[in-house]
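Participant: give me a model of this one.
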Amino acid sequence: MRTSGRLCYPTEDVCFDKTVVKRSDFTGCNLGCRKRQRFSSVVAGKTDMFEALPDDLVISILSKLSSSASCPSDFINVLISCKRLNRFALLPLVLSKASPKLFAIKPENWSESAHRFLKSCVDAGSVEACYTLGMIYFYCLQNRESGGSLIAKAAVSSHAQALYSLAVIQFNGSGGSKDDKDLRAGVALCARAAFLGHIDSLRELGHCLQDGYGVRQNIIEGRRFLVQANARELAAGLSSTSVSNNAGNSWLVCSPHPILHPNNLHPVVSGCPLLSDYGCNVPAPEAHPANKFLMEWFVSRGGIPGPDLRLCSHVGCGRPETRKHEFRRCSVCGTVNYCSRACQALDWKLRHKTECAPVERLLDGEGVGGDGVNEDIDES
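Facilitator: Coordinates of the predicted model:
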């Protein structure tokens, strides 16, 4: 059998220069020796057996690495190892299986070469690359048309995070005016992502049903979705590596080391657990690499996405406003704002319930709402 590199699988003993490698058949009998069709390179006086590996085996290994990489350097270091690995690692079959963490690029490392690599992954059919590059286009580079198209492309492939991001765009009318909101479309996208098990979509859909936002009000059904979101959040927390590697129940205790919020620079507890409906604390969910890129991108620019524009106050989101007063804000204190009800619910449990306090609306004379409930003040 020949591979794409026209290399035969050896069925007999293989001679590497003057070195004989004994091979046996399935019965254990030696099959003799024959001259090798392709000579391996010699490194430091020793025979390099890497060149003897069939092409499709190397490609299979690279595909596995691509799908399990924990950071970009895991894959980049392979690319620069040798010409053969570089050639095979850039094949569409390998790039199409890339994991989300392979695209966890730091904003300070964003360059034309990083852009080309992401574009190559998109062309290879990587759904994760479509979503990540789409978010960067839409929110960071303000290329709304191309960004929205890439996010939609990922959503068509049943990418749950992309479906949820499209729902947020529809709820807010992001990239357009207030009249561009489509609440029914947002609910439909949330329902699809919730069906795929996306926790934020389950929570968003629950709040929409409870409030009658974009859908007929059904408090009981909305509550059921919220409980289901908490159950999935609890299950994900218990099965996470950070929990399983910690002895005892140290995961039940808040971390004493604060971090700064990228939006309003208020101190936030890093890794603070969230209280679920079951009375158990679970670790705060890890942000998607695309959201981390957004947060770090705007932090490096002073935490301000533009004149009179704000970032979502949930520390794990990173979405910016695309027009003035696009996001909803807390109707009690008016000092925080959120791109979605899911972000509001998470930030309320994570930190805001300890900070929220009624304040006088001296400037706009707005009334004060209920406990931690957002109100839409989009007047653009």
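
Participant: which residue comes closest to Glu296 once chain neighbours are left out?
Facilitator: Pro107 (4.9 Å; CB to CB, 6 or more residues apart in numbering). Quick note: C-beta positions are derived from backbone N, CA and C, even for glycine.

Participant: tally of neighbours for the one you found?
Facilitator: 17 (other CB atoms under 10 Å).

Participant: so what's it up against?
Facilitator: Pro107 makes contacts with Cys140, Phe293, Glu296, Trp297, Ser300, as judged by CB atoms under 8 Å, 6 or more residues apart in numbering.

Participant: got a quick PyMOL command for the buried subset of those?
Facilitator: Buried members of those can be picked out in PyMOL with the line below, counting by 16 or more other CB atoms under 10 Å:
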select buried, resi 140+293+296+297
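
Participant: and the contacts of Pro107, which is closest to Ala129?
Facilitator: Phe293 (12.8 Å; CB to CB).

Participant: OK, contacts around that closest one?
Facilitator: Contacts of Phe293 (CB under 8 Å, 6+ apart): Ala104, Ile105, Lys106, Pro107, Thr132, Met135, Ile136, Cys140, Gly318.

Participant: at 7 Å what do you get?
Facilitator: Residues near Phe293 by CB atoms under 7 Å, 6 or more residues apart in numbering: Ile105, Pro107, Ile136.

Participant: from Ser73, how far out is the first one?
Facilitator: Ile105 sits at a distance of 11 Å from Ser73 (criterion: CB to CB, to the nearest Å).

Participant: higher neighbour count, these two?
Facilitator: Shown here are Ile105 and Ser73; by other CB under 10 Å, Ile105 has more neighbours (22 against 11).

Participant: measure Arg341 to Lys64 for me?
Facilitator: The gap separating Arg341 from Lys64 is 39 Å, by CB to CB.

Participant: comparing those two, which residue is more hemmed in?
Facilitator: Set Arg341 next to Lys64 and count neighbours by other CB under 10 Å: Arg341 wins out with 22 against 12.

Participant: once you drop chain neighbours, what's closest to Asn172?
Facilitator: Nearest in space to Asn172, with sequence neighbours left out and distances taken as CB to CB, 6+ apart, is Glu326 at 5.3 Å.

Participant: where along the stretch 51-200 of the chain do the helices fall?
Facilitator: Using DSSP state H, counting those that start in this stretch, the helices found in the stretch 51-200 of the chain span residues 55-68, 72-79, 83-89, 92-95, 112-124, 127-135, 144-156, 160-172, 183-195, 199-211.

Participant: name the helices or strands packed onto the third one?
Facilitator: On a contact count with 3 or more CB pairs under 7 Å, 6 or more residues apart in numbering; DSSP states H and E, helix 83-89 meets helix 55-68, helix 72-79.

Participant: what's the closest of those helices to His159?
Facilitator: For His159, the closest of the helices and strands packed on helix 83-89 is helix 55-68, at 15.0 Å, according to CB to CB.

Participant: grab the CA positions of that closest one and hand them over as CSV.
Facilitator: The C-alpha trace of helix 55-68 is given here as CSV (Å, rounded to 0.1, in the frame of the first residue of the first chain):
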residue,chain,number,x,y,z
ASP,A,55,3.1,10.1,5.3
ASP,A,56,-0.4,9.3,6.4
LEU,A,57,0.8,8.2,9.9
VAL,A,58,2.6,11.6,10.3
ILE,A,59,-0.5,13.4,9.2
SER,A,60,-2.6,11.4,11.6
ILE,A,61,-0.3,12.4,14.5
LEU,A,62,-0.4,16.0,13.5
SER,A,63,-4.2,16.0,13.3
LYS,A,64,-4.3,14.6,16.8
LEU,A,65,-1.9,17.3,18.0
SER,A,66,-3.9,20.0,16.3
SER,A,67,-7.1,18.9,18.0
SER,A,68,-5.6,18.6,21.5
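
Participant: and that helix, average pLDDT?
Facilitator: The average pLDDT for helix 55-68 rounds to 90.

Participant: packing partners for that helix?
Facilitator: If you count contacts as 3+ CB pairs under 7 Å, 6+ apart, helix 55-68 packs onto helix 72-79, helix 83-89, helix 92-95.

Participant: and those helices as JSON lines, adding distance to Pro358 and mean pLDDT?
Facilitator: Listed next are those as JSON lines, based on distance: least, CB to CB, whole Å; pLDDT from 0 to 100:
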{"stretch": "helix 72-79", "distance to Pro358": "46", "mean pLDDT": "86"}
{"stretch": "helix 83-89", "distance to Pro358": "57", "mean pLDDT": "88"}
{"stretch": "helix 92-95", "distance to Pro358": "53", "mean pLDDT": "91"}
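
Participant: can you redo these as a markdown table with distance to Leu238?
Facilitator: Shown next, in a markdown table, are the helices and strands packed on helix 55-68 (distance: least, CB to CB, whole Å):
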| stretch | distance to Leu238 |
| --- | --- |
| helix 72-79 | 27 |
| helix 83-89 | 36 |
| helix 92-95 | 33 |
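
Participant: ranking the ones you listed by burial, who's on top?
Facilitator: Using mean count of other CB atoms under 10 Å, the stretch among the helices and strands packed on helix 55-68 with the largest mean neighbour count is helix 92-95, at a mean of 19.

Participant: show me what that one packs onto, helices and strands only.
Facilitator: Under the contact criterion of 3+ CB pairs under 7 Å, 6+ apart, helix 92-95 touches helix 55-68, helix 112-124.

Participant: distance to Glu286 added to these, as a markdown table?
Facilitator: Listed next are those as a markdown table, based on distance: least, CB to CB, whole Å:
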| stretch | distance to Glu286 |
| --- | --- |
| helix 55-68 | 16 |
| helix 112-124 | 21 |
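
Participant: coming back round to it: which one of the helices and strands packed on helix 83-89 lies nearest to Ala229?
Facilitator: With CB to CB as the measure, helix 55-68 is the member of these nearest Ala229 (27.4 Å).

Participant: no more questions from me, cheers.
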